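Colleague: Generate coordinates for the sequence data below:
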Amino acid sequence: MLAKRIIPCLDIKNGRTVKGVNFVDLRDAGDPVELAEIYSAEGADELVFLDISATEERRKTLVNMVRSVAEKINIPFTVGGGISSVEDVEILLNNGADKVSINSSAVKNPQLINDLAQKFGSQCVVVAIDAKQIDGQWIVHLVGGKVPTELNLFDWAVEVAERGAGEILFTSMDNDGTKNGFANDALAKLSTLINIPIIASGGAGNIQHFVDSFKEGKADAALAASVFHFKEIEIKDLKKELRKNDIEVRL
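Modeller: The predicted structure follows:
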């Protein structure tokens, strides 16, 4: 059985971590490299960096950060945010990123998924899907959940997998930030439709939520931000509890 993965997510703006991080022993809570080192040492399986800055300088700043992170940690990390071309991906991978995450650009140009998978291999292509329920239907949204599309979550996930994505990062906008648990029904349905790994995102509030995402939601990995950043959940404690629940994790 493949081990389930625990993935902290860091939002990056102009090369700095944002959205609040609360580590007592940090010299600089905004330094993504320092945070990456800490999470790596604490047992995170992977990291995700989402660049939410919108400056012209973003690519240069992001590339410098990616290079610094790659020098310091030995766990895989994914970079997302504003990636819209093969060239964008090539630069990030060449500077040490293990995977890239695409979201809006994949919806606007689905062929990009095929192009990236063919050029770099499916293993480094993550497609992020943000969805929320409207009238009982899971609808894909763009721009951090602000803009609804015509796409149904399940149809889009199947298409993404067929086009060559290696993983799907599914965020339930209904659950995100609530700390009431992941969208396990939707996750479980996704797992019956596609045979690529699914990363659960949105709703982590306690250790039981992670247990449920793996047992009920059949997720392959679970991603969270604030519960890790604010030390509400320690990764080592989380993994011990998962083991007690017969969920295979790397300790």
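Colleague: just checking, Gly144 touches Asp130?
Modeller: Yes. Between Gly144 and Asp130 there is a contact under C-beta atoms under 8 Å: 7.0 Å. Heads up, the C-betas are built off the backbone N, CA and C, glycines and all.
Colleague: who's more crowded, these two?
Modeller: More crowded of Gly144 and Asp130, by other C-beta atoms under 10 Å: Asp130, with 26 against 14.
Colleague: Output the lowest mean pLDDT helix or strand found in this protein.
Modeller: Ranked by mean pLDDT, DSSP states H and E, the helix or strand of the chain with the weakest confidence is strand 16-18, at a mean of 83.
Colleague: contact partners of it?
Modeller: Here strand 16-18 makes contact (C-beta atoms under 8 Å, 6 or more residues apart in numbering) with 10-12, 29-32, 35, 52.
Colleague: Kindly report the same for stretch 59-73.
Modeller: Around stretch 59-73, the neighbours that count as contacts under C-beta under 8 Å, 6+ apart are 12, 14-15, 32-33, 36-37, 40, 47, 49, 51, 53, 55, 77, 79, 81, 88, 91-92, 95-97.
Colleague: Over stretch 238-248, what's the mean pLDDT, rounded is fine.
Modeller: Average pLDDT, stretch 238-248: 98.
Colleague: Tell me which residues are up against it.
Modeller: By C-beta under 8 Å, 6+ apart, stretch 238-248 touches 1-4, 6, 43, 207, 210-211, 214-215, 249-251.
Colleague: Same check on stretch 174-190?
Modeller: Residues outside stretch 174-190 that contact it (C-beta under 8 Å, 6+ apart): 131-133, 138, 145, 153-154, 157, 168, 170, 172, 198, 200-206, 208-209, 212-213, 216-219, 222, 227.
Colleague: Out of these, which sit inside helices?
Modeller: 153-154, 157, 208-209, 212-213, 227 (DSSP state H).
Colleague: Now the buried members of these.
Modeller: 153-154, 157, 209, 212-213, 227 (16 or more other C-beta atoms under 10 Å).
Colleague: in the helix ranked longest in the chain, what's buried?
Modeller: Using DSSP H, we find that the single longest helix of the chain is helix 58-72. Within helix 58-72, the residues that count as buried by 16+ other C-beta under 10 Å are 58-59, 61-63, 65-70.
Colleague: Show the subsequent helix or strand relative to it.
Modeller: The helix or strand immediately downstream of helix 58-72 is strand 77-80, counting by DSSP states H and E.
Colleague: Can you tell me the strand partners of that next one and which way each runs?
Modeller: Within its sheet, and counting by DSSP bridges, strand 77-80 is paired with strand 47-51 (parallel), strand 99-102 (parallel).
Colleague: Where among the ones you listed is average confidence lowest?
Modeller: Looking at those, the bottom one is strand 47-51 with a mean of 94.
Colleague: Show residues contacting it.
Modeller: Under the criterion C-beta under 8 Å, 6+ apart, residues 7-13, 32, 36, 39-40, 58, 62, 65-66, 69, 73, 75-82, 101, 169, 223 lie in contact with strand 47-51.
Colleague: Now Ile6. Its backbone dihedrals?
Modeller: phi -110, psi 130 (degrees, to the nearest 10).
Colleague: Please name the nearest non-neighbouring residue to it.
Modeller: Leaving aside its chain neighbours, Ile6 sits nearest to Asp45 (5.5 Å; criterion: C-beta to C-beta, 6 or more residues apart in numbering).
Colleague: And the pLDDT at the one you found?
Modeller: pLDDT at Asp45 comes out at 98.
Colleague: ok, now Lys13?
Modeller: Note on Lys13: pLDDT of 83.
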